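Sequence and predicted structure below; questions after.
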Amino acid sequence: MPPVFAHGRLRLYLLKLLDEAPRHGYEVIRLLEERFQGLYAPSAGTVYPRLAKLEAEGLVTYATEGGRKVYSITEAGRAELAARGGELADLELEIRDSVSELAAEIRADVSGAAGDLRREMRAAASASATQVEDESWKAAKEELRKARQEWKEQARRAKDESRRAREEAQQARRQAKEAQERAREEVQRIAGQLQEQFAKSGGVLGSLAGAWLGGSPGGSPGAAASGSAPGSVSDAGPVRADWAEDLAPTGDPVRDLDRLLDRFRDEVRDAARDHGVTPDRLAEARAHLAAAATRLTGALRAG
């Protein structure tokens with residue numbers, strides 16, 4: 001028999017079951033048996049050690065009720081489950097395939113048993129034609145009828161489970177896509193807030209941040225330097241609207257933000273190396289950095 005769960009998949013599915021509701025170990029075993037329509041039931045030696053490991057990793061916790069441990073998923077467990085949403089959808093398909101494989105094995109076993117039974121009946125018939133209609137023959141026919149009926153029922157249940165698994169996988173994919181779209185919109189919203197906040201900070205950081213985010217809305221080149229003495233840290237020059245356009249999007253907003261921050265840091269360092277840093281410039285830069293950091297963290301928390 002092929003393994004029902006690939007390596008690490010049972011661990012992920014246990015998190016899914018505990019995310020649905022708190023459960024004790026025996027309930028988890030029975031629920032898995034129901035999900036597989038009675039074709040598979042894990043042993044206690046398979047489930048309990050994995051629950052204990054999840055608890056040791058901080059992904060689940062338990063409370064004792066009536067002398068039994070009732071396990072519940074933690075926030076860390078939900079975070080891992082959310083991060084592996086696509087993998088969970090694949091797992092649902094794997095479960096469907098496992099049910100189909102188990103049903104096929106049962107069908108093969110039933111077919112083999114029926115073949116053996118037919119051969120035995122033929123042998124019995126050839127040995128004694130007078131005993132064809134005796135009770136043994138009738139019992140053999142009844143066993144064959146029951147075997148066929150059982151196979152049909154198991155095949156029907158396997159088909160229903162396969163259909164449900166396919167529908168759940170499709171739903172999981174839709175939810176994952178919607179979550180990705182919401183995350184992209186949220187990052188764009190935060191980026192717009194950062195653009196506005198950085199544009200208000202003025203000085204070197206305001207100018208570079210405006211270039212980083214494609215220019216300050218409604219601003220003009222060099223506006224951040226107004227009111228500063230020539231040659232001071234605030235005299236940053238015009239904002240470059242095409243700044244960092246060479247960094248092609250990767251499809252991962254968090255990673256793209258990290259790359260832009262790296263480019264921003266590198267340009268500030270290059271400016272300091274090329275033009276030098278005096279105590280006055282350092283003090284002014286520190287003030288701008290502090291103001292920008294306050295606005296940045298505030299925007300991220302508000303988001």
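Done, it's in.

Could you list the low-pLDDT ranges of this structure?
Low-confidence segments of the chain (pLDDT under 70): 1-8, 97-119, 121-133, 191-241, 303.

Tell me where the longest helix sits in the chain.
In the chain, ranked by residue count with DSSP state H as the criterion, the top helix is helix 135-201.

so what secondary structure elements neighbour that one?
The criterion is 3 or more CB pairs under 8 Å, 6 or more residues apart in numbering; DSSP states H and E, and the helices and strands that helix 135-201 contacts are helix 85-127, helix 203-212, helix 253-275, helix 279-302. Placement of C-beta: from N, CA and C, glycine included.

try it again with 10 Å
Under the contact criterion of 3 or more CB pairs under 10 Å, 6 or more residues apart in numbering; DSSP states H and E, helix 135-201 touches helix 25-35, helix 85-127, helix 203-212, helix 253-275, helix 279-302.

got the angle between it and helix 279-302?
Angular relation of helix 135-201 and helix 279-302 on a 0 to 180 degree scale: 140 degrees, by axes from the mean of the first three to the mean of the last three CA atoms, to 10 degrees.

Just want the angle from helix 135-201 to helix 25-35.
If you take the same axes, to 10 degrees, helix 135-201 sits at 110 degrees to helix 25-35.

tally of neighbours for residue 271?
Here the count is done by other CB atoms under 10 Å, and residue 271 has 17 residues near it.

That one contacts residue 264, correct?
No. In this structure, residue 271 sits apart from residue 264 without contact. The criterion is CB atoms under 10 Å, and the distance is 11.0 Å.

how does this structure divide into domains?
As given by automatic domain parsing, the domain ranges for the chain are 9-81, 85-182, 202-302.

For the shortest one, measure first residue to last.
This means domain 9-81. One end of domain 9-81 to the other measures 12 Å (CA to CA, to the nearest Å).

What are the buried residues along stretch 82-96?
Neighbour counts over stretch 82-96 (16 or more other CB atoms under 10 Å) mark 84, 88, 89, 90, 91, 92, 93, 94, 95, 96 as buried.

try stretch 24-37
Neighbour counts over stretch 24-37 (16+ other CB under 10 Å) mark 24, 25, 28, 29, 32, 35, 36, 37 as buried.

wait, the fifth one sits on residue 50?
No. In this structure, residue 32 sits apart from residue 50 without contact. The criterion is CB under 10 Å, and the distance is 11.6 Å.

what is in contact with those two at once?
Common neighbours of residue 32 and residue 50 are listed as 10, 13, 14, 42 (criterion: CB atoms under 10 Å, 6 or more residues apart in numbering).

neighbour-wise, which of these leads?
Neighbour counts for the shared contacts of residue 32 and residue 50 were taken using other CB under 10 Å; the highest belongs to residue 14, with 25 neighbours.

Count the neighbours of the closest residue in space to that residue that isn't next to it in sequence for me.
Among residues not flanking residue 14 along the chain, residue 50 sits closest, at 6.0 Å (CB to CB, 6 or more residues apart in numbering). Each residue near residue 50 was counted by other CB under 10 Å, and the total is 17.

which strands and helices sit next to whichever helix or strand residue 50 is part of?
Using DSSP states H and E, residue 50 falls within helix 44-56. Taking 3+ CB pairs under 10 Å, 6+ apart as the contact definition, the neighbouring helices and strands of helix 44-56 are helix 9-20, helix 25-35, strand 60-65, strand 68-73, helix 75-83.

In contact with residue 63: list those residues for me.
With contact set as CB under 10 Å, 6+ apart, residue 63 has these partners: 22, 24, 69, 70, 71, 72.

just residue 92 next, same as before
Listed by CB under 10 Å, 6+ apart, the contact partners of residue 92 are 13, 16, 35, 164-173.
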